[in-house]
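Colleague: Below: sequence and its predicted model.
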Amino acid sequence: MKSAVIVFPASNCDRDAAVALKQMTGNAPHMVWHQDKELPDVDLVVLPGGFSYGDYLRSGAMASQSAVMRAVKAHAERGGAVLGICNGFQVLTESHLLPGALMRNAELKFVCRPVTMTVEETQNVFTRKYSNGQSVTFPVAHGDGNFFADEETLDRLEGDGRVVFRYAPGQNPNGSARNIAGILSEKRNVLGLMPHPERVVDPLLGGIDGRALFESLIETLS
Amino acid sequence: MKARVFVTLKNGVLDPQGKAIGHALNGLGFSAVGDVRQGKVIDLELSERDEATARASLKEMCEKLLANTVIEKYEIELKA
């Protein structure tokens, strides 16, 4: 599987993503700068965590207007896989590649801790190696992770089986609607989630629950 | 021409910051304060002279960047 990690000014999990991809796939990903107009030939594009453009205006808003995002949109429209983690999820909603918005955490605090979620969907390229209903623990680290969408959109997401990760009861760290932690696009080739799977691929970092996400991608896209 | 754009959360979208401000004001003794909603003010200078064109262009700016219309609404004020 060939992959690329997009680097925006103030991305700070781009190297975490690169280390995880290298470890899981055996190949280092292409690191693509936000001003680049074209993507290398890749199967997977990762939008990493961080504070792109200092979170100016709204988290992800400036990044969604960057040159590279036009190429990312074209990749997604061709059916290419896109994974947005944390700030990457915010960039995906601001770019309208995913519905809804990520608002300030309900408690107005930055939350940095492991959270337990359930895997609700496995019929997609990102989670096929998990089992349905499996409980997984990924770290979160964000101030704007409160997923919001109108009721009609939430019903559609649920009805179409596009809610992939849901915070376990009592674990919702940010007030997200219906405990939603991660969602798929309509074509199921774009996934955005607030928790960080790339931080749990090595036992040295305290867990390996994120490995199956990369294994799913490798199995499908290689 | 100068323009001022107000961006606020849509009615029905929870505003935890507004709520915290309200609590703080109550704590300061301003007991008459009820619901509080907060937002952003963006001041722009435009070289445009025609008001209708300026307004149309500002609306497009709001839709494309200044507001996230999933959660926010906007108001445009023009000053000659």
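Modeller: Here it is on my side, so go on.
Colleague: so where's the chain shaky on pLDDT?
Modeller: Using chain A. Using pLDDT under 70 as the threshold, the predicted model of chain A has no low-confidence range.
Colleague: And the strands in it?
Modeller: Listed in chain order, the strands found in chain A under DSSP state E are A:3-7, A:30-33, A:44-47, A:81-85, A:101-103, A:111-119, A:135-142, A:146-148, A:163-167, A:180-184, A:190-193.
Colleague: Out of those, which is closest to B:Ile76?
Modeller: Ranking the strands of chain A by proximity to B:Ile76 (C-beta to C-beta) places strand A:101-103 first, at 21.3 Å. Just so you know, the C-beta spots here come from the backbone N, C-alpha and C atoms, and that holds for glycine as well.
Colleague: mind listing what that closest one pairs with, with the direction of each?
Modeller: Within its sheet, strand A:101-103 is paired with strand A:146-148 (antiparallel), according to DSSP bridges.
Colleague: For the strand it pairs with, what is the distance to the chain centroid?
Modeller: When C-alpha coordinates are averaged (C-alpha atoms, centre = their mean, to the nearest Å), strand A:146-148 and its chain have centres 14 Å apart.
Colleague: Need the residues that contact it.
Modeller: Contact with strand A:146-148 is made by A:100-106, A:174-177, A:180-181, A:183, A:194, B:13, B:70-71, as judged by C-beta atoms under 8 Å, 6 or more residues apart in numbering or on different chains.
Colleague: change it to 6 Å
Modeller: When contacts are taken as C-beta atoms under 6 Å, 6 or more residues apart in numbering or on different chains, the neighbours of strand A:146-148 outside the stretch itself are A:Gly100, A:Ala101, A:Leu102, A:Met103, A:Asn105, A:Ala106, A:Asn174, A:Gly175, A:Ser176, A:Ala177, A:Ile180, B:Ile71.
Colleague: show me the contacts for the third one.
Modeller: Spelled out, it's A:Leu102. Remark: with contacts taken as C-beta under 6 Å, 6+ apart, A:Leu102 is in contact with A:Gln90, A:Thr93, A:Asp144, A:Gly145, A:Phe147.
Colleague: Repeat the analysis, applying 7 Å as the threshold.
Modeller: A:Ser59, A:Phe89, A:Gln90, A:Thr93, A:Asp144, A:Gly145, A:Asn146, A:Phe147 (C-beta atoms under 7 Å, 6 or more residues apart in numbering or on different chains).
Colleague: how much space is there between it and B:Phe30?
Modeller: Here the distance between A:Leu102 and B:Phe30 works out to 32 Å (C-beta to C-beta, to the nearest Å).
Colleague: Could you tell me the end-to-end distance of stretch A:36-56?
Modeller: Criterion C-alpha to C-alpha, to the nearest Å; first-to-last residue distance in stretch A:36-56 is 21 Å.
Colleague: quick one: it near chain B?
Modeller: No - using C-beta under 7 Å from any C-beta of the partner chain, stretch A:36-56 stays clear of chain B, coming no nearer than 10.9 Å.
Colleague: quick one on the thing from earlier: nearest to A:Val7, of the contacts of A:Leu102?
Modeller: Minimum distance to A:Val7 across these is 15.8 Å, recorded for A:Gln90 (C-beta to C-beta).
Colleague: tally of neighbours for that closest one?
Modeller: By other C-beta atoms under 10 Å in any protein chain shown, the residues close to A:Gln90 number 31.
Colleague: Repeat that for the one 10 residues further on.
Modeller: As a burial measure, A:Gly100 scores 22 neighbours (other C-beta under 10 Å).
Colleague: That one touches A:Gln90, doesn't it?
Modeller: No - look at A:Gly100 against A:Gln90 with C-beta atoms under 7 Å: they stay out of range, at 10.5 Å.
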